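Student: just to be clear, the model below is a prediction. Sequence and coordinates:
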Amino acid sequence: IYASYLGERYKSHLAYRLHHLKTSENGGIEDDRYVTEPEAFTNSYETWDMPTSLSKTWNKLNVNSLLFTQRIDLGSNRQYGDSLKTDTLGSRTTGRENSMTAPMSITHSLQFDHDDRLFLSNFRTNEYNAHYFKDFFFAGDSAKDEMKHIAVRNTVALELNEKWKTWLKAGARLYFSHKYERFTLPKSATTFDTYAYNYFNVGLQLMHRKGKVLDYDMLGELRTRDGKRWGEFMLLANGDLHTEVGNDTLTVGVFGKLSSEEPTFYYRHYHSRNAWWDNEGMSNTLTTQLGVTLRYKTTRLSVRFEQQNKGAYLQETLFDQPKADAENLKLHRVNAIQNGKPVQRLEVALYHLQTWGIFNWENEFTYQMTSDKTLSPAPTFLAYSNLFLKFQIAKVLNTEIGSDVRFFTRFAPQVYSPIIGQYVLQDANRTENIGGYPIVNVYANMHLKRTRFYIMASHINASDRQKKAFELPHYPMNGFTLHLGISWNFIN
């Protein structure tokens, strides 16, 4: 739900969103050999009756967010002309356009978030009859873990607007924000712990976004928690250099980030029946990111490098079942850890869209390197290809009909933990690989005025002999599936 008021000097926007997500957890199939080696079992299992590690277990998540922004323009407006140009990727526009701008503005934004998560498990297990969970911090053979989060953030900024004076080549923004956060975690089966924090941020931003040749944006920010914990900062910079080549624009973009940030709350504290940690002494994570992108017509080449020092991670540890008849079932423990060594990651990606009339061929290829495949798992190579027809029917019905394929090389990814509802690092002593398997879909999209509808046949290359079709370890991919969908909006 959203609303806005646009006056000559005062503008405001209001938006509210509500999400409810309920996930029925099964913990994955008990044994991957149901898919990879079905001949090893006397029983023949279908996709709908493979035994799973959990049952009667749910994660419920409610997310509520309210955002209100307002802006007041100060001083006398000034008219200026701006020369802009649109390239093939739609990033720029051409022609002379007269605009009005005020010398400065005061802005205010208010964001209110209210979230809660409920983990329910009526799967009858306890420390004397463990089946999936390794640890039990509350008594009883069922779980009902409730967690709540409330955040209120106010930001006030003074902006010196770009182009107010012809000699003023950049705009500037000085801002201050206060954020109050409160977290509620279980202390026992019936009582709760509450953690409350006040964060103060101050920052300065310089931006030049209306240039013919050069655009840039630079930001520096300092943050403190409760005025006692200092040392957090963030420096951001990005810029685009535009050069006319042939009948289009070649854009060279650069990006950089340097930050020192405290690991977020749930790395420091987490309480539930089956997972518990308190790591208030975690050090700040130092992150360095550098990137460059070249864009010309419908081609894009990007190179990105990242290094993390003292990164925080969620880690799963597996234990053998004490029961003799459950050798393939494991007990699961989850913890938050911090690793002191630096971890580097390099990514090179190439994108191209080729068009011949109504025929279109879209391709994207990515190469990745990581210095630590345990802490930063990533496939070495990823590929996506999409071949489709794009045309109109009766000059009103926009239509796309095509097929796409996705592929990535085998690697040991993060695994999903229903205990905390997050992806976590695999146990380094018991890793499982996925990948090395293409996924092919066929689809048709249609768009008429404010209504869009589609039909898609996914994983059309599925077969009974597939051995590598896993979304994640212990979570086999669905076979051939037919999807139908429709969406519309009420914006007139």
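Tutor: Thanks, I have the structure now. Since the model is a prediction, treat every value here as computed from it, not as a measurement. Residues are numbered from 1 along each chain as shown.

Student: Val35 in helix, strand or coil?
Tutor: helix (DSSP: H, G, I helix; E, B strand; the rest coil).

Student: my read is that it contacts Pro476, right?
Tutor: Yes. In this structure, Val35 is within contact of Pro476 by Cβ atoms under 8 Å, at 4.9 Å. Every residue, glycine included, has its C-beta placed from N, CA and C.

Student: could you tell me which residues touch both of these two?
Tutor: 29, 469-470 (Cβ atoms under 8 Å, 6 or more residues apart in numbering).

Student: just give me the closest of the residues you listed to Trp276.
Tutor: Ile29 (27.5 Å; Cβ to Cβ).

Student: excluding chain neighbours, what is closest to the closest one?
Tutor: Leaving out its chain neighbours, the residue that sits closest to Ile29 by Cβ to Cβ, 6 or more residues apart in numbering is Met50, at 4.8 Å.

Student: state the distance from that neighbour to Asn154.
Tutor: Met50 sits 51 Å away from Asn154, going by Cβ to Cβ, to the nearest Å.

Student: now Val343
Tutor: In terms of Cβ to Cβ, Val343 sits 35 Å off from Asn154.

Student: same question for Phe391.
Tutor: 50 Å.

Student: show me where pLDDT drops low in the chain?
Tutor: 76-101, 126-129, 163-168, 323-328, 464-467, 491-492 (pLDDT under 70).

Student: more neighbours: Val343 and Asn154, which one.
Tutor: Using other Cβ atoms under 10 Å as the criterion, Val343 and Asn154 rank with Val343 on top: 19 against 14.

Student: now do the contacts for that one.
Tutor: Contacts of Val343 (Cβ under 8 Å, 6+ apart): 307-308, 311, 370-372, 375-376.

Student: repeat for Ser4
Tutor: Counting by Cβ under 8 Å, 6+ apart, Ser4 has contacts 11-14.

Student: among the residues you listed, the buried ones, what's the ChimeraX command?
Tutor: Selecting the buried subset of the contacts of Ser4 in ChimeraX, with 16 or more other Cβ atoms under 10 Å as the burial test, is done by:
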select :11
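
Student: mind giving me a markdown table with the contacts of Ser4 and columns for distance to Glu262 and secondary structure?
Tutor: Listed next are the contacts of Ser4 as a markdown table, based on distance: Cβ to Cβ, whole Å; DSSP: H, G, I helix; E, B strand; the rest coil:
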| residue | distance to Glu262 | secondary structure |
| --- | --- | --- |
| Lys11 | 35 | strand |
| Ser12 | 33 | strand |
| His13 | 31 | strand |
| Leu14 | 31 | strand |
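
Student: and the two most separated of the contacts of Ser4?
Tutor: Lys11 and Leu14 (11.5 Å).

Student: for stretch 34-48, which outside residues touch it?
Tutor: So stretch 34-48 is contacted by 29, 33, 50-51, 466-467, 469-470, 476, 478-479 (Cβ under 8 Å, 6+ apart).

Student: highest neighbour count among those?
Tutor: Phe470 (22 neighbours).

Student: circling back to that earlier point, the contacts of Ser4 into a markdown table, with extra columns for distance to Gly211?
Tutor: Formatted as a markdown table, these follow (distance: Cβ to Cβ, whole Å):
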| residue | distance to Gly211 |
| --- | --- |
| Lys11 | 25 |
| Ser12 | 29 |
| His13 | 27 |
| Leu14 | 33 |
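
Student: what about the strands in the stretch 351-492 of the chain?
Tutor: 359-370, 381-393, 397-408, 415-417, 422-424, 439-448, 451-458, 470-472, 475-476, 481-488 (DSSP state E, counting those that start in this stretch).

Student: in a markdown table: those, plus distance to Leu301.
Tutor: Formatted as a markdown table, the strands of the stretch 351-492 of the chain follow (distance: least, Cβ to Cβ, whole Å):
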| stretch | distance to Leu301 |
| --- | --- |
| strand 359-370 | 10 |
| strand 381-393 | 15 |
| strand 397-408 | 20 |
| strand 415-417 | 33 |
| strand 422-424 | 29 |
| strand 439-448 | 25 |
| strand 451-458 | 30 |
| strand 470-472 | 30 |
| strand 475-476 | 34 |
| strand 481-488 | 33 |
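
Student: go through these and name the closest to Ala336.
Tutor: The nearest among those, by Cβ to Cβ, is strand 422-424 at 9.4 Å.

Student: so what does that closest one touch, helix or strand wise?
Tutor: Using 3 or more Cβ pairs under 8 Å, 6 or more residues apart in numbering; DSSP states H and E, the elements in contact with strand 422-424 are strand 311-320, strand 415-417.

Student: strands paired with it, and their directions?
Tutor: strand 415-417 (antiparallel) (DSSP bridges).

Student: what sits up against the strand it pairs with?
Tutor: Strand 415-417 is contacted from outside by 28, 314, 316, 332, 334, 422-426, 432, 472-475, using Cβ under 8 Å, 6+ apart.

Student: from these, list just the buried residues.
Tutor: Here, 16+ other Cβ under 10 Å leaves 28, 314, 316, 332, 334, 424-426, 473-475 buried among these.

Student: neighbours of Asn339, how many?
Tutor: 18.
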